[in-house]
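Undergrad: Just to be clear, the model below is a prediction. Sequence and coordinates:
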Amino acid sequence: MSIYLTAILKAKKESVQDLKSILDHMVLNTRKEEACEKYDLQQALEDETVFIFHEIWKSKEGLDAHNQQSYIKEFVEKAPNLLEKPAEIYLAKLV
């Protein structure tokens, strides 16, 4: 069963470019992962501090493996200094 994930991140105003650089690096590497079916990053038009990920994973195991990658761990370590608040993460399935 595929796992659908939406993540909403709100950068601190002074951290938008630093965060975008890290997120772009994550996109580049994550799309190479075998379990990744979709990993799209969007930036809100009305608020450039808001970034939205739309992801599809082949399995929970694939998503779990993704979360252990060095570039994801690096983001998690740096996130508190870059984000206004913790990321909102929504896991979903098709209904």
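TA: Nice, thanks for sending it over. Residues are numbered from 1 along each chain as shown.

Undergrad: Show which residues not belonging to stretch 79-86 make contact with it.
TA: Residues from elsewhere that reach stretch 79-86 (Cβ atoms under 8 Å, 6 or more residues apart in numbering): Leu9, Lys10, Ala11, Lys12, Ser15, Asp18, Leu19, Ile22, Thr49, Ala87. Where C-beta positions appear, they are placed from N, C-alpha and C, glycine not excepted.

Undergrad: And these, which two are furthest apart?
TA: Asp18 and Ala87 (15.5 Å; Cβ to Cβ).

Undergrad: Please identify the buried residues of stretch 49-62?
TA: Thr49, Val50, Phe51, Phe53, Glu55, Ile56, Trp57, Gly62 (16 or more other Cβ atoms under 10 Å).

Undergrad: Those in strands, which ones?
TA: Per DSSP state E, strands hold the following members of these: Val50, Phe51, Phe53, Glu55, Ile56, Trp57.

Undergrad: Can you name the residues that contact the spatially most central residue of the chain?
TA: With distances taken as Cα atoms, centre = their mean, Phe53 lies nearest the centre of the chain, 5.1 Å away. Phe53 makes contact with Leu5, Thr6, Ala7, Ile8, Leu9, Leu23, Tyr39, Asp40, Leu41, Gln42 under the criterion Cβ under 8 Å, 6+ apart.

Undergrad: Can you say which of those residues are buried?
TA: Buried among the contacts of Phe53 by 16+ other Cβ under 10 Å: Leu5, Ala7, Leu9, Leu23, Tyr39, Leu41.

Undergrad: No more questions from me, cheers.
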